[in-house]
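Trainee: Pasted the sequence and its predicted model underneath.
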2 protein chains.
Amino acid sequence: LVKREVVRVVTPGMIVEDELLDARANNFVLAFSRHQQVTGLASLDISTGTFRLTETADVAAIVDEMMRVAPREILMPVSLEEDAAFTVLRDNPLNFAITVLEDATFEWGAGRQRLMDQFETLSLEGFGCESMKAGIGAAGALVHYVTETQRQKLEHLHGIQTYFLGAFLVVDDQSCRNLELLRSIRTGGRQGTLLDILDQTVTAMGGRLMAQWLRYPMLDAARIQRRYAAVAEGVERMQARKDLRQALKSVRDLERLGSKIAMGHGNARDLTALKLSIRALKAVFAALTELTSDHYACHEDTRPLDELADLIDQAIREDAPPVTSEGGMICTGYNDELDELIRISQDGKGWLAELEAKERSTTGINSLKVRFNKVFGYYIEIPRAHSESVPDHYVRKQTLVNAERYITDDLKHFESRVLNAEDQRASLELRLFIEVRDQAKARHAKVQAIARFIARVDCLVAFAEVAHNNGYCQPQINSEGVLDIQEGRHPVVEKLITGERFVPNSILLDNQANQVLIITGPNMAGKSTVLRQVALITIMAQMGSFVPAASANIALTDRIFTRVGALDNLSAGQSTFMVEMQETANIVNNATANSLVILDEIGRGTSTYDGLSIAWAVAEHLHDLNGNGTRTLFATHYHELTELAEQLERVKNYNIAVKEWNDEIIFLRKLVAGGTNRSYGIQVARLAGIPESVIRRSKKILAQIESGAHPQVGEKKPTRSGGKKGDGHVQLGLFSPVERKVVE
Amino acid sequence: LVKREVVRVVTPGMIVEDELLDARANNFVLAFSRHQQVTGLASLDISTGTFRLTETADVAAIVDEMMRVAPREILMPVSLEEDAAFTVLRDNPLNFAITVLEDATFEWGAGRQRLMDQFETLSLEGFGCESMKAGIGAAGALVHYVTETQRQKLEHLHGIQTYFLGAFLVVDDQSCRNLELLRSIRTGGRQGTLLDILDQTVTAMGGRLMAQWLRYPMLDAARIQRRYAAVAEGVERMQARKDLRQALKSVRDLERLGSKIAMGHGNARDLTALKLSIRALKAVFAALTELTSDHYACHEDTRPLDELADLIDQAIREDAPPVTSEGGMICTGYNDELDELIRISQDGKGWLAELEAKERSTTGINSLKVRFNKVFGYYIEIPRAHSESVPDHYVRKQTLVNAERYITDDLKHFESRVLNAEDQRASLELRLFIEVRDQAKARHAKVQAIARFIARVDCLVAFAEVAHNNGYCQPQINSEGVLDIQEGRHPVVEKLITGERFVPNSILLDNQANQVLIITGPNMAGKSTVLRQVALITIMAQMGSFVPAASANIALTDRIFTRVGALDNLSAGQSTFMVEMQETANIVNNATANSLVILDEIGRGTSTYDGLSIAWAVAEHLHDLNGNGTRTLFATHYHELTELAEQLERVKNYNIAVKEWNDEIIFLRKLVAGGTNRSYGIQVARLAGIPESVIRRSKKILAQIESGAHPQVGEKKPTRSGGKKGDGHVQLGLFSPVERKVVE
């Protein structure tokens, strides 16, 4: 009997099987830990060997970072389980598994030792995290957990990457959703997202890196410029780009292949995939010689990999089966002993034919057959009619309706020999296969380094491809707070609309006269699109991508805040308006002079006067923030807010132009200076399919309100008992006489 | 070499493996087809054998029904691919696979023949669908597709269930999401949904049926009352209910087990699970004898299943391995030939010990061992030191560092015998296993019938359990349009809130004086909760469940419409307001006198006057609908709508009471008669974390607006260059003097 032992424990973060993983997404397990006032966070994707660590005293930033990493599994110390800062984990918006471990697992000293053992170093200086006690605690817990669940040392973890949250443009989780960076709000899918537009990578590791770049746009102008240089060259050198992308297509998922092999999970097909990928690198490097930017230069010696590919080529059959226990993996000519065993099993066939001929002639029975089946092994079958002529040394084993089956000593000896040879062959093949796989394992660090280089190249040429295909421009970057986009477009919407041309819009924000833009205009005119395209263009520019505009000068931005739309959170007891106000509070409390704030309507979820008052006060607050204000785009249906421009020096009014034509409106989708007081809500209602009778009635009511009268139901049609008497009700503000003038 | 043939094709709808299925959800593949003006729809869950068909001339209803079925895979004829009615499939909100097939596959005649062949009947009369050509086309395509992909006849499909869309309360997909019936809006998970509250079933098939009941609440008062009777008995007979639920817990997923076995995928463990479930039925039926309602009476003869359980018990070992090819499945004593084969392999062990003793004594080598390994088979191992004493008839096979391994003729003969016996054993066990499985297969229709009975019983006692634990009452049902809920609660929110007591609310809707209720009141007071609980209580009552209320008289309702919250659909070019208006248009165009309409704010996404005019006109329209009006709950922040109650005879005002206390508000969460004009938006903003300075400023602005003045920035603090000059801007309505009086 075979004893079944637990070989490894599979938790959501511990998956390495290709079929269960999304090729274009990382599969992170994350740990966090606290040391004094500092919280550390580490994340590890064992399927690729990506291992990162950071820490900060700002707990909110840690929670944001967790959302950004989007792990499948989170490890936390038991003492933080009740910590108010992490209650958001209980809501579990991303549906990760949470594993709570003893505090001791996150202890700094033991963690440091564990990391040094893992990396085989004498300190963590080389990784830039020696002094980061909270981060080391988290990373140490990860290594401990993974080693325990995998029941093996992780030979493919050679180091850890230290990063600092302040080095990136922060787009909080809510804004990431609002802007549809990674997932469509409606479908939850990838279509209709910025990632979908930008990710024209052709390798799996490139795809994963692109998603990471999107979540970590840079703040360092020099690093951004280096990417621009590479993208610009890619745009210009069209043939080189084409060749390069063609070559990259043949490179498989080196990162995951490498990790799988290093962890001893790889089969013969994985080795072949590794070989073919290494072979494909030749064409990649050839194409790269045409390009001169820093980012296209590879400083790795690839010869050890070529040797490895040669070895795999000699040893491993390309048609090997997926299992490693049944043979059929090793090439003929690679090992003499193996060739001999194969010869024995195959010769058997000839020997059997000979035996059949011989037995036929000795017995004189021409219908005698020598055959094999799984149950009885080899046997001689003789039709019942000839039973009398069967020699005495034949031993009867089975009786069929029309025949009898026999064995002989010769046949039994032969059977042992063949069956043994087959067993030995399988066992020898496994040994040889493991030898070759160990060779691949030994070169794992090299595979990893090349994989990362390839991923970066793939992303940069994808940027170039997107820029070329969609007519993007190379942005400028400034630290003076000027955001000047000429003829900007929404990168996603411009691809999705069909039939009509996307109308570009220019926008200027600065810290002088154009700091807060109040944008009014009718529904459906495209206010939201303009707002979001400004945020998306900023993110793209800081990722190092070209942008959909005629020209763009982008202010380095530390955070992007958005307040757009809102979802009820009824079961948590929060109303729409509460959610709206919480998002607004987050902005008001955390925006800095270098942030970009996008407000798409606030104050809608409450009564008109309350909402207007709050919207007004928030606009003032952002204008006056820390004495400098913050760059803000504020779309609103409260036309009253346009008065702010008269009273505050850094506020400007804009509206989105429409043309009225008979009773219809034509959307020009063009942002123009000045306010407006028309929303055309009733016209939009008609477009949405509200019946004509309701539309006519709405217009009548609107006219009545505008003239200061109360709408009268009686005017329309008599109800069964006519109007009831007023019951001492409120005299309402909106029905007081108003005066309305239209600009333009 | 073993040839690998395609045995079956697995598409998302074709999964039968337990690990890949959600035990509590059906896994449907759906097909639709058109015949003249009628569209037919059929759905099949091959993992349970559930097969249903319907048809209608109303294409929108078909699309709604697709969403309700929520299939994993959809089959459609190529000719409908471009049909405007089905463009929603391209958005693919539920992420199903779509397979487009030739129109011929959906042809009525061939489909009918295929169904008759499948069910072994001479017509489809018995299934009530003989004349439903479109539906038969769809069902026929399904059978064709499944047979092709599974490469076998589906022996567990014995019939098809015909249903009519008009027989159920329709809750469209959008409302199903808004009301969080099956999935939480925020997390997409099950927590916080009505299903989560109601589904206290203890069997997998009960869980699936509960989800179906939730999507198909009934319209037939008699059928609803039958369920009430069963639930009432379950509530009353506490001990019987407890015993029954306890007994049901031991019944496994009979429906899927049965199907799996019938399709030839079941292993020995599945047979054991089937046996244990059949045995568990005894206790279930014993507990059922205590209950007398119709629904608790089983009209199936269960003796054939008891016989089957006995057979499985005699034949199949409970510790059988999951694979069927390696033996270890069949009990000792079940088959003589098998017992003999097992004896041979086991005797071998004794023989080997004897051989070892014998060879030790003949050779005089005490360290001689007889052993077995996979590669070499049986061998004799002798330490190198004794090589000299090895007899001549020992044949050397392998040399180790310290020992040599030999074989002898005796040992080889023995090996053949044992190995053969083991192979024969495995093969014989497989044959015996299949015989037993075929017996189970033959009783599949019976298993299916019992499974369905069990599912229904499980759901009914779950209703009783929920009713008892949560203090629900048995509703009355009426066709007079009276919806009278006394002290109703929100079934989900009452379980989720902690710390405070859930405040019940009474509501009366009818077709006389209380047809349209305008509900005003501050944010956060609980308007949305009240609105939704009315819809949920109606759905529960029509499912046959008791409801969270002191008493309830429920008007049979044909459709529930909701307009609550809104999600942007920016990438499809639709603004928030557009989505809001489309949902409103759907209601206005489709509501009937027997519908229930829930409007939670409309007109928010546009300017105040436009929004108010539309809201007013829609309220009037619903009041006047087809001369009768429709039952409507309308929550709004437009306090002006309370004037409708003075002018229209079937409109009433309600508000949700709050108490002011100093500058704070206390939410009483009680619905009271009359309107209000206070929204307390600024107080809510403070609760949300808006800084005190912004709150103070908002209040000042509010006071200014209410007194008719324009807010003045200058009052707050001087800006760098002071106020700018007005540039001939609009004089805005909201800043005209208003008069405000508060009721109460």
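Mentor: The structure has been received and is ready for your questions. Numbers count the residues shown, from 1 in each chain, chains lettered A, B, ... in the order given.
Trainee: Now do the same for the residue in the stretch 101-250 of chain A that chain B sits nearest to: helix, strand or coil?
Mentor: In the stretch 101-250 of chain A, the residue that lies nearest chain B is residue A:192 (3.7 Å; C-beta to the nearest C-beta). From N, CA and C alone the C-beta is placed, and that goes for glycine too. Using DSSP: H, G, I helix; E, B strand; the rest coil, the structure places residue A:192 in coil.
Trainee: same check, this time on the one 3 residues further on
Mentor: Classification of residue A:195 using three-state DSSP returns helix.
Trainee: Can you give the domain ranges for chain A?
Mentor: As recorded under automatic domain parsing, the domains making up chain A are A:12-167, A:195-332+A:434-468, A:336-408, A:471-685, A:692-735.
Trainee: Tell me how far residue A:64 lies from chain B.
Mentor: Relative to chain B, residue A:64 is positioned 16 Å away (criterion: C-beta to the nearest C-beta, to the nearest Å).
Trainee: same check, this time on residue A:72
Mentor: On the measure of C-beta to the nearest C-beta, residue A:72 and chain B end up 15 Å apart.
Trainee: does that residue really touch residue A:29, like I thought?
Mentor: Yes - shown here, residue A:72 and residue A:29 form a contact pair, counting by C-beta atoms under 8 Å, at 6.6 Å.
Trainee: The residue lying closest to residue A:630 once chain neighbours are set aside: neighbour count?
Mentor: In space, and not counting its chain neighbours, residue A:630 is closest to residue A:591: 4.6 Å by C-beta to C-beta, 6 or more residues apart in numbering or on different chains. When neighbours are defined as other C-beta atoms under 10 Å in any protein chain shown, residue A:591 has 23 of them.
Trainee: Go ahead and confirm residue A:591 touches residue A:625.
Mentor: Yes - here residue A:591 reaches residue A:625: they are 6.2 Å apart, a contact under C-beta under 8 Å.
Trainee: quick revisit: of the domains of chain A, which stretch is the most buried?
Mentor: Compared across those, domain A:471-685 shows the largest average neighbour count, a mean of 22 (mean count of other C-beta atoms under 10 Å in any protein chain shown).
Trainee: That one - what's its average pLDDT?
Mentor: Taken as a whole, domain A:471-685 has a mean pLDDT of 88.
Trainee: Just give me how far it sits from the chain centre.
Mentor: Distance of domain A:471-685 from the chain centroid (C-alpha atoms, centre = their mean, to the nearest Å) equals 27 Å.
Trainee: residue with max distance from the center of chain A?
Mentor: The centre of chain A is farthest from one residue, residue A:388, which by C-alpha atoms, centre = their mean lies 76.2 Å away.
Trainee: Report pLDDT for it.
Mentor: Residue A:388 carries a pLDDT value of 85.
Trainee: what does the one 10 residues further on give?
Mentor: pLDDT, the model's per-residue confidence, is 76 for residue A:398.
Trainee: And it, how far from residue B:96?
Mentor: 53 Å (C-beta to C-beta, to the nearest Å).
Trainee: now swap in residue A:466 and tell me
Mentor: Taking C-beta to C-beta, one finds residue A:466 at 30 Å from residue B:96.
Trainee: What of residue A:582?
Mentor: Distance from residue A:582 to residue B:96, by C-beta to C-beta: 35 Å.
Trainee: And residue A:77, by the same measure?
Mentor: For residue A:77 relative to residue B:96 (C-beta to C-beta), the value is 42 Å.
Trainee: same check, this time on residue A:156
Mentor: When distance is defined by C-beta to C-beta, residue A:156 is 38 Å away from residue B:96.
Trainee: cool, and residue A:669?
Mentor: 35 Å.
Trainee: and if you look at residue A:528?
Mentor: Residue A:528 is 29 Å from residue B:96, where distance means C-beta to C-beta.
Trainee: same question, residue A:434
Mentor: Distance, residue A:434 to residue B:96, using C-beta to C-beta: 43 Å.
Trainee: ok, now residue A:447?
Mentor: From residue A:447 to residue B:96 the distance is 38 Å (C-beta to C-beta).
Trainee: repeat for residue A:644
Mentor: 49 Å.
Trainee: repeat for residue A:65
Mentor: Counting by C-beta to C-beta - residue A:65 and residue B:96 are separated by 35 Å.
Trainee: Whichever helix or strand residue A:225 is part of: what's the following helix or strand?
Mentor: Counting by DSSP states H and E, the element that carries residue A:225 is helix A:221-236. Following helix A:221-236 in sequence order, the next helix or strand is helix A:238-248 (DSSP H and E).
Trainee: could you turn that next one into CSV, dropping everything but the C-alphas?
Mentor: Presented in CSV, the C-alpha positions along helix A:238-248 are these (Å, rounded to 0.1, in the frame of the first residue of the first chain):
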residue,chain,number,x,y,z
MET,A,238,9.0,51.3,-36.3
GLN,A,239,10.7,48.3,-37.9
ALA,A,240,12.8,47.5,-34.9
ARG,A,241,9.8,47.7,-32.7
LYS,A,242,7.9,45.4,-34.9
ASP,A,243,10.8,42.9,-35.0
LEU,A,244,11.2,43.1,-31.3
ARG,A,245,7.5,42.5,-30.5
GLN,A,246,7.5,39.6,-33.0
ALA,A,247,10.5,38.0,-31.2
LEU,A,248,9.0,38.6,-27.8
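Trainee: tell me the angle it makes with helix A:221-236.
Mentor: Put simply, helix A:238-248 runs at 100 degrees to helix A:221-236, going by axes from the mean of the first three to the mean of the last three C-alpha atoms, to 10 degrees.
Trainee: Which strands and helices lie in contact with helix A:238-248?
Mentor: Other elements packing on helix A:238-248 under the criterion 3 or more C-beta pairs under 8 Å, 6 or more residues apart in numbering or on different chains; DSSP states H and E are helix A:221-236, helix A:268-288, helix A:444-470.
Trainee: on that earlier part again, number of residues surrounding the residue of the stretch 101-250 of chain A closest to chain B?
Mentor: 23.
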